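Undergrad: Here is my input, please return the structure:
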Amino acid sequence: MKPCFSILTLAFFSLFYIPGIDAQQKKNLNITPAPAGYVSKVWVADQGDGTYKNPVLNADYSDPDAIRVGDDFYLIASSFDAVPGLPILHSKDLVNWKIIGHALKRQLPLDHFQKTQHGNGVWAPAIRYHKDEFYIYYPDPDFGIYLTKAKTITGPWTEPVLVAPGKGLIDPCPLWDADGRVYLAFAFAGSRAGIKSVIAVKQLNAEGNQAIDEGTIVYDGHEIDPTIEGPKFYKRNGYYYIFAPSGGVATGWQLVLRAKNIYGPYERKVVMSQGKSLVNGPHQGAWVNTQTGEDWFLHFQDKDAYGRVVHLQPMKWINDWPVIGMDADGDGNGNPVMRYKKPSVGKVYPINTPAESDEFNNVGLGLQWQWQANPLTTYAFADAAKGSLKLYTQQIPAEAKNLWDVPNVLLQKFPADEFVATTKLTFNPNPKLENEKTGLVVMGLTYANIAIRSKKDGLQLVTVICEKADKGNVEKESLVTKLKTPTVYLRLTVKNGAKCKFSYSLDGERFIDSGLSFEASPGKWIGAKMGLFATREDQINDSGYADYDWFRVEALNLTF
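TA: Residues are numbered from 1 along each chain as shown. Below is the predicted model:
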């Protein structure tokens, strides 16, 4: 379940990279200048002195792949069951990133993803720019490898086409060769294919939208590179290169394979590992270069409840092998850096970070938000005139054991190791119903929330924890207090180690401990997420609703 990109030297320029794009060419690409940047209050990688600190994205952008087109860098990541899927981020310098869109508005098949599908859906994707179009190949381990394309990075993206159907086909990465042939490197998910730890190559048709053979295994990692996957396919100086993570998500290393023939035999070399650094399992990502000729590598680190965060490493070539990170002993196997000089891109760009807070003043949701399944129109209304997000209560599916199985849960990633998230809401339950519920949730294999519940005698503030929710366990609910007002402020405080606590306020100034402390847990292949929900138990002709005035993420400067 991982991704891919391309950086090309002179021998490969004509295949992926367009050197020296001028203003008219950029206009033809429809690359829209980014609006003024958002600056996080909890994590900024750019140190303002010509250096950056890792991770450059301290959030769960798993299995990153990236490309450069002219002066612009684009990064995509796996999104699993979250909708919209395939997030697209933009940067001018590889350090300052912002979310600019998603390639998938809905996941296919539509009916299948109308229900929660934790751990399924979009695994490691790859992005390329070829013949004036953006290509994204992504795998769904239950259905096969899909392709979606766009003339403009922000879309519209084409309806995904199933390029290679089959269970367990994952982590595709294309390569357009000099002779016009198109190839796709990929791996296998053992849970579906019954085999893993091998890399294979398929040939595609000239359009790149259909496999024309079954594929050929080109490398077997069972003996020394177990769980090899996530191949990234490149060509340089007459060599075919496959960059691939091996050894497991949290414990592995970055492997590079090279061969003169696309089908091998491939030589192997470990080019980055943890060494004495604190960065466990540094691997899986994208090789990119700058306009000034520097080489860089974006990869992830698994941080358990925080998910897979993205690091940026310097890279250089020695004897036609890449060396990633700092190679103090000169053995060709680099180790991750935690602070380094920023890439040279010709100018200095302002600080920019992915959005976290949301005042709900716009039509449509902020790009940081994703649903837990394909959403219905009736889940929410972004009321820009009122400056609020209205969540309508939805009936809990009959088969749902707990909130894990409820599609209308609106979530975003944990944005840092420590932070405070606060939201203001006013609850308007349907007076004909009882047990409508809305609130602030931390989702994972174990989840917890603080919420308002409607009862016949008024509103209650409650906390919930559900241990091993994925196993179908029931929630444990505790009454915090009865409410005399429908307006309340809910707060989540997160400290190092994903230690969490909920609190509430009636005036927005004095916050009261809810009595629930817990440690966030990862989800299925993802980190913990935080967000909002609105549910009901019964179905009648109308729903209650909650008006969320804002959602703000701030630095941890409060007592726990």
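Undergrad: Mind checking which residue lies nearest the centre of this protein?
TA: Tyr61 (3.2 Å; Cα atoms, centre = their mean).
Undergrad: Excluding sequence neighbours, find me the nearest residue to that one.
TA: Once flanking residues are discounted, Tyr61 sits nearest to Ala77: 4.0 Å by Cβ to Cβ, 6 or more residues apart in numbering. Using the backbone N, CA and C atoms, a C-beta is placed for each residue, glycine as well.
Undergrad: hang on, isn't that neighbour packed against Ile99?
TA: No. Using Cβ atoms under 8 Å, Ala77 makes no contact with Ile99, being 10.3 Å away.
Undergrad: where do the contact lists of the two overlap?
TA: Each of 87, 89 lies in contact with both Ala77 and Ile99 under the rule Cβ atoms under 8 Å, 6 or more residues apart in numbering.
Undergrad: Tell me where the stretch 401-550 of the chain has helices.
TA: Counting by DSSP state H, counting those that start in this stretch, the stretch 401-550 of the chain yields no residue ranges for helices.
Undergrad: typo on my end, the stretch 1-150 of the chain
TA: 13-16, 23-29.
Undergrad: Kindly provide the whole-number mean pLDDT of the shortest one.
TA: This points to helix 13-16. For helix 13-16, mean pLDDT is 31.
Undergrad: With stretch 283-300 instead?
TA: Mean predicted lDDT for stretch 283-300 stands at 97.
Undergrad: So that it lines up with my notes, have the first residue be 7 from now on.
TA: Sure thing, new numbering starts at 7, so read that last one as stretch 289-306.
Undergrad: and the end-to-end length of that stretch?
TA: End-to-end distance for stretch 289-306: 6 Å, by Cα to Cα, to the nearest Å.
Undergrad: List the buried residues for that stretch?
TA: With burial defined by 16 or more other Cβ atoms under 10 Å, the residues of stretch 289-306 counted as buried are 289-296, 300-306.
Undergrad: Among these, which lie within strands?
TA: Counting by DSSP state E, those place 289-295, 301-306 in strands.
Undergrad: Just the closest of those to Pro145, please.
TA: Using Cβ to Cβ, Gln290 is the member of those that sits closest to Pro145, with 13.9 Å.
Undergrad: which residues touch that closest one?
TA: 8-9, 69-70, 130, 236, 251, 260, 305-306.
Undergrad: nearest residue to it other than its sequence neighbours?
TA: If the residues on either side of it in the chain are set aside, Gln290 comes closest to Pro251, at 3.9 Å by Cβ to Cβ, 6+ apart.
Undergrad: Next one: that neighbour from Val470, what distance?
TA: 37 Å (Cβ to Cβ, to the nearest Å).
Undergrad: thinking again about what came up before, out of the buried residues of stretch 289-306, which comes closest to Leu382?
TA: Using Cβ to Cβ, these come closest to Leu382 at Phe306, 32.4 Å.
Undergrad: Which residue is the nearest non-sequential neighbour of that closest one?
TA: Arg314 (4.0 Å).
Undergrad: One more: Ala217?
TA: Per Cβ to Cβ, 6+ apart, closest to Ala217 is Ala170, 4.1 Å.
Undergrad: thought that neighbour was touching Pro180?
TA: No. Checked against Cβ under 8 Å, the pair Ala170 and Pro180 is beyond contact range at 11.4 Å.
Undergrad: Now do the shared contacts for these two.
TA: Contacts common to Ala170 and Pro180, judged by Cβ under 8 Å, 6+ apart, are Leu190.
Undergrad: Give me the secondary structure label for the nearest residue to Gln307 once chain neighbours are set aside.
TA: Nearest residue to Gln307 in three dimensions, chain neighbours excluded: Val285, at 5.1 Å (Cβ to Cβ, 6+ apart). Counting by DSSP: H, G, I helix; E, B strand; the rest coil, the backbone at Val285 sits in coil.
Undergrad: Contacts only, for Val285.
TA: So Val285 contacts 60, 307, 317, 342, 344 (Cβ under 8 Å, 6+ apart).
Undergrad: cool, and Asp185?
TA: Applying Cβ under 8 Å, 6+ apart to Asp185 gives no contacts.
Undergrad: if we can go back for a sec, quick one: mark the members of the contacts of Gln290 that sit in strands.
TA: Using DSSP E, the contacts of Gln290 in strands are 251, 260, 305-306.
Undergrad: what about the residue lying farthest from the centre of the chain, distance to Glu440?
TA: In the chain, the residue that sits farthest from the middle, by Cα atoms, centre = their mean, is Asp463; the gap is 42.7 Å. From Asp463 across to Glu440, the span is 10 Å (Cβ to Cβ).
Undergrad: Arg542 now?
TA: 9 Å.
Undergrad: Same check on Pro93?
TA: From Pro93 over to Glu440 (counting by Cβ to Cβ), the distance is 38 Å.
Undergrad: what's the answer for Leu489, then?
TA: In terms of Cβ to Cβ, Leu489 sits 15 Å off from Glu440.
Undergrad: Also Ala265?
TA: 67 Å.
Undergrad: How about Asn341: what's its closest non-neighbour residue?
TA: Gly281 (3.5 Å).
Undergrad: burial of the one you found, as a residue count?
TA: By other Cβ atoms under 10 Å, the residues close to Gly281 number 17.
Undergrad: Need phi/psi at it.
TA: phi 60, psi -130 (degrees, to the nearest 10).
Undergrad: Report how many residues lie close to the residue nearest to Gln290.
TA: There are 30 residues near Pro251, going by other Cβ under 10 Å.
Undergrad: Show me what it bridges to in the sheet.
TA: Gln260 (DSSP bridges).
Undergrad: so how far is Ala193 from it?
TA: 10 Å.
Undergrad: Over to Gly514?
TA: 50 Å.
Undergrad: Likewise for Glu405?
TA: The value you get for Glu405 to Ala193, if Cβ to Cβ is used, is 33 Å.
Undergrad: Which residues are in contact with Thr161?
TA: Let me fix one detail, which is that residue 161 is Gly and not Thr. 107, 109.
Undergrad: so how many other residues sit close to the residue nearest to Pro90 when sequence neighbours are not counted?
TA: Once flanking residues are discounted, Pro90 sits nearest to His108: 3.7 Å by Cβ to Cβ, 6+ apart. His108 is flanked by 20 other residues according to other Cβ under 10 Å.
Undergrad: just Lys275 next, same as before
TA: Counted with other Cβ under 10 Å, Lys275 comes out at 14.
Undergrad: For it, list the residues it contacts.
TA: Per Cβ under 8 Å, 6+ apart, neighbours of Lys275: 261-262, 264, 327, 338-339.
Undergrad: Helix, strand or coil: sort out it for me.
TA: strand.
Undergrad: For it, list each beta-bridge partner.
TA: Val262.
Undergrad: Send over the helix or strand containing Phe557 as PDB, restricted to the C-alpha atoms.
TA: Assessed by DSSP states H and E, Phe557 sits inside strand 551-560. Taking C-alpha atoms only, strand 551-560 is exported to PDB below (Å, rounded to 0.1, in the frame of the first residue of the first chain):
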ATOM      1  CA  TYR A 551     -29.300  19.600  13.100                       C
ATOM      2  CA  ALA A 552     -26.300  21.200  14.700                       C
ATOM      3  CA  ASP A 553     -24.800  24.500  13.700                       C
ATOM      4  CA  TYR A 554     -21.000  24.500  14.000                       C
ATOM      5  CA  ASP A 555     -19.800  28.100  14.100                       C
ATOM      6  CA  TRP A 556     -16.100  27.300  13.800                       C
ATOM      7  CA  PHE A 557     -13.400  24.700  14.400                       C
ATOM      8  CA  ARG A 558     -10.000  26.100  15.500                       C
ATOM      9  CA  VAL A 559      -6.700  24.400  16.000                       C
ATOM     10  CA  GLU A 560      -4.300  26.200  18.300                       C
END
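Undergrad: JSON lines please, covering the ones in strands among the buried residues of stretch 289-306 and showing distance to Asp333.
TA: Shown next, in JSON lines, are those (distance: Cβ to Cβ, whole Å):
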{"residue": "His289", "distance to Asp333": "16"}
{"residue": "Gln290", "distance to Asp333": "20"}
{"residue": "Gly291", "distance to Asp333": "18"}
{"residue": "Ala292", "distance to Asp333": "20"}
{"residue": "Trp293", "distance to Asp333": "16"}
{"residue": "Val294", "distance to Asp333": "19"}
{"residue": "Asn295", "distance to Asp333": "19"}
{"residue": "Asp301", "distance to Asp333": "14"}
{"residue": "Trp302", "distance to Asp333": "15"}
{"residue": "Phe303", "distance to Asp333": "13"}
{"residue": "Leu304", "distance to Asp333": "18"}
{"residue": "His305", "distance to Asp333": "16"}
{"residue": "Phe306", "distance to Asp333": "21"}
